[in-house]
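[1] Got a predicted model here, sequence first, then my questions.
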Amino acid sequence: MYASIERYSLVFHKGRFIKRKILCHYIPLTIACLYIPTLYVYFIVRFPCTEYHQYNLTQFACGGACYAYAFIETTYDTIANTMIPSFLLLIFNLLMIMRVILLKRKISATSSLPSNTWKKNRRMILQLLTISLTCLIAWMPWVVIIFVQDFYNSSFGQNFIIVVLYYLPYFTSFLSPFLALIGLKEIRQKLKVKRSTATPNSTSTTAETAKNQKILALNQLPRF
């Protein structure tokens, strides 16, 4: 979530962001690094369990942490740690897309922005949008189902959560490094070089194979 906000600020408000780098970059990162571990150490380790809380070891999912059965804590966790980040991620990405469309139209009309600056920002924007899209695909179904469960039907989509959604967010962590690497110019150039060097070799290999087959066929012809 914060990466989307920070990238939006770097693209469209870079001067003000650099001037307030400690306030806009280091302090939010420090809060994020401390908030999540502190909260879940309390929720999972320190939160008291009721005497009626039991785990069913015969089920595929035998049970969750004790706080998951407390309405206030579960509601806070759902809204503050899942819904709000997902909606902020969606909002800032939509803002990014809108600003990019407007900026592109402005550039095509006036050509006042250097092309190198536009290309650099365009690559950065596409990289962010790709990573953010994978996060939205992983988390938005979770947000919708949890919202319906908390306020309308507690059993809605339970099997889908257990079988699919518990594991879907892990794919974002797996794909994000590859998406970030593809956005680097050096990596793309190396891939192009490998592809260009592989194509002539395969072509020459194919031609050589055809030539050898032709010679073999000529040698097998009956001689008079």
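    Great, that's in hand. Since we're looking at a predicted model, the values are computed, not measured.
[2] average pLDDT for the longest helix belonging to the chain?
    The longest helix of the chain (DSSP state H) is helix 115-151. Mean pLDDT, computed over helix 115-151, is 74.
[3] Mind giving me the packing neighbours of it?
    helix 2-12, helix 71-78, helix 84-110, helix 158-160, helix 168-182 (3 or more CB pairs under 8 Å, 6 or more residues apart in numbering; DSSP states H and E). Where C-beta positions appear, they are placed from N, C-alpha and C, glycine not excepted.
[4] run the last query once more with 6 Å
    helix 2-12, helix 84-110, helix 168-182 (3 or more CB pairs under 6 Å, 6 or more residues apart in numbering; DSSP states H and E).
[5] For my notes, please list those helices in CSV and give distance to residue 155 and mean pLDDT for each entry.
    As requested, these are exported to CSV (distance: least, CB to CB, whole Å; pLDDT from 0 to 100):
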stretch, distance to residue 155, mean pLDDT
helix 2-12, 33, 69
helix 84-110, 22, 76
helix 168-182, 20, 77
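[6] deepest of those helices, which one?
    For the helices and strands packed on helix 115-151, the largest average neighbour count (mean count of other CB atoms under 10 Å) is found in helix 2-12, namely a mean of 17.
[7] After that one, heading C-terminal, what element do we hit next?
    Downstream of helix 2-12, the next assigned helix or strand under DSSP states H and E is helix 14-19.
[8] Now do that next one: everything it contacts.
    Helix 14-19 is touched from outside by 9, 10, 24, with contacts defined as CB atoms under 6 Å, 6 or more residues apart in numbering.
[9] chain center to that helix, what's the gap?
    Put simply, helix 14-19 sits 26 Å off its chain's centre (CA atoms, centre = their mean, to the nearest Å).
[10] Averaged pLDDT, it. What do you get?
    76.
[11] Show me which residues of the longest helix of the chain are buried.
    121, 125, 127-129, 131-132, 134-136, 138-143, 145-146, 149-150 (16 or more other CB atoms under 10 Å).
[12] Need the CA coordinates for stretch 77-93. CSV is fine.
    C-alpha atoms of stretch 77-93 as CSV (Å, rounded to 0.1, in the frame of the first residue of the first chain):
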residue,chain,number,x,y,z
ASP,A,77,-8.1,-6.4,12.1
THR,A,78,-10.3,-6.8,9.0
ILE,A,79,-11.0,-3.0,8.5
ALA,A,80,-7.6,-1.6,9.5
ASN,A,81,-5.3,-4.2,8.2
THR,A,82,-7.1,-5.6,5.2
MET,A,83,-9.9,-3.3,3.9
ILE,A,84,-8.3,0.1,4.3
PRO,A,85,-4.9,-0.9,2.7
SER,A,86,-6.7,-2.6,-0.2
PHE,A,87,-9.0,0.4,-0.9
LEU,A,88,-6.0,2.8,-0.6
LEU,A,89,-4.1,0.7,-3.0
LEU,A,90,-7.0,0.7,-5.5
ILE,A,91,-7.6,4.5,-5.1
PHE,A,92,-3.9,5.5,-5.6
ASN,A,93,-3.5,3.2,-8.6
